[in-house]
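Chemist: Dropping a prediction and its sequence here:
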Amino acid sequence: MHPTITAFEDSPDEGQGLARDMRVRWALEEVGQPYDVRLVSFSDMKQPRHLALNPFGQIPTFEDGDLTLFESGAIILHIASTTTGLLPDDPIARARASMWMLAALNTVEPPIVEREQATYLEGDKPWFAERLPLLDGRIRARLDPLARWLGDAEWLEVEFTAGDLMMVLVLRRLSGMDLLEEYPNLSSYVARAEARPAYQRAFQDQLAVFTHRN
Ligand code: GTB
């Protein structure tokens with residue numbers, strides 16, 4: 001039996017790989033673990049069957065034998081810790097890879113999500129134009145140091161890890177905001193990660209969900 005993950009039956013991003021199942025798909029592809037996908041609608045996610053897997057009624061979830069998990073970060077850590085290819089063996093390098101995963105989730109992603117939500121929820125309000133530079137400034141306050149750290153290196157540490165996987169997918173959420181383009185090395189970093197065969201397989205699989213429905 002393969003692990004089963006959940007993903008949107010009808011993702012609002014129309015297959016652009018911005019929903020968080022992409023994190024799990026890519027991780028499973030990197031480690032060569034076949035998996036099944038159960039597609040769920042927005043209403044399915046609020047039904048008891050799904051709430052038993054994730055009390056917050058969201059995707060992605062991960063089921064493997066007796067184990068069920070939600071939270072993309074926890075799922076990636078589990079996959080990376082029980083396989084080879086996403087976390088180095090050396091304990092110090094391993095700890096630093098986990099650190100970058102959490103930096104992506106806790107330090108870089110929040111201002112990006114805040115800006116996305118402000119655009120959806122307040123985009124038509126009179127104060128929005130004034131608020132936008134402030135929100136962009138908060139994102140740049142994260143991208144500036146990240147770009148300085150990366151410099152002209154290939155990955156955040158010596159080799160590609162789960163930290164890069166998470167950071168790249170967080171940075172991809174900037175698509176359409178014209179902010180990533182201000183940082184040529186971060187743009188190349190994202191492009192380099194997107195060129196990985198495992199990323200391509202994961203991306204095509206989630207895109208196929210959209211194209212088959214439309
Ligand atoms: N912290 C959780 C995790 O990392 O797993 C957050 C999970 C989460 O936000 N899931 C979203 C969800 O299920 C889908 S990914 N939402 C439904 C709900 O809350 O009812 C977020 C997402 C959705 C759509 C786009 N998009 O269209 O661009 C991007 C990201």
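Modeler: Okay, I see it.

Chemist: domains for the protein, by residue range?
Modeler: The chain is divided into the following domains under automatic domain parsing: 4-86+198-213, 91-196.

Chemist: In TSV, list those along with mean neighbour count and mean pLDDT.
Modeler: C-beta: built from backbone N, CA, C; applies to glycine. Below are the domains of the chain laid out as TSV (neighbours: other Cβ atoms under 10 Å; pLDDT from 0 to 100):
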stretch	mean neighbour count	mean pLDDT
domain 4-86+198-213	17	97
domain 91-196	16	96
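
Chemist: quick one: which of these is nearest the ligand?
Modeler: Set against the ligand and scored by Cβ to the nearest ligand atom, those come closest in domain 4-86+198-213, at 3.1 Å.

Chemist: Span of stretch 155-168 from start to end?
Modeler: By Cα to Cα, to the nearest Å, the extent of stretch 155-168 from end to end equals 10 Å.

Chemist: Residues contacting the helix or strand that Trp149 is a member of, please?
Modeler: According to DSSP states H and E, Trp149 maps onto helix 128-150. Defining contact as Cβ atoms under 8 Å, 6 or more residues apart in numbering, one finds that helix 128-150 is touched by 107-108, 111-112, 114-115, 118, 122, 156, 167, 174, 177, 179-180, 182-183, 185-186, 189.

Chemist: how big is the angle separating whichever strand or helix holds Val168 from helix 128-150?
Modeler: Element membership of Val168 [criterion: DSSP H and E] is helix 162-172. Computed by axes from the mean of the first three to the mean of the last three Cα atoms, to 10 degrees, the angle separating helix 162-172 from helix 128-150 equals 150 degrees.

Chemist: what's the following helix or strand after helix 162-172?
Modeler: Following helix 162-172 in sequence order, the next helix or strand is helix 184-194 (DSSP H and E).

Chemist: Show me what that next one packs onto, helices and strands only.
Modeler: Applying 3 or more Cβ pairs under 8 Å, 6 or more residues apart in numbering; DSSP states H and E, we find helix 184-194 packed against helix 128-150, helix 162-172, helix 197-213.
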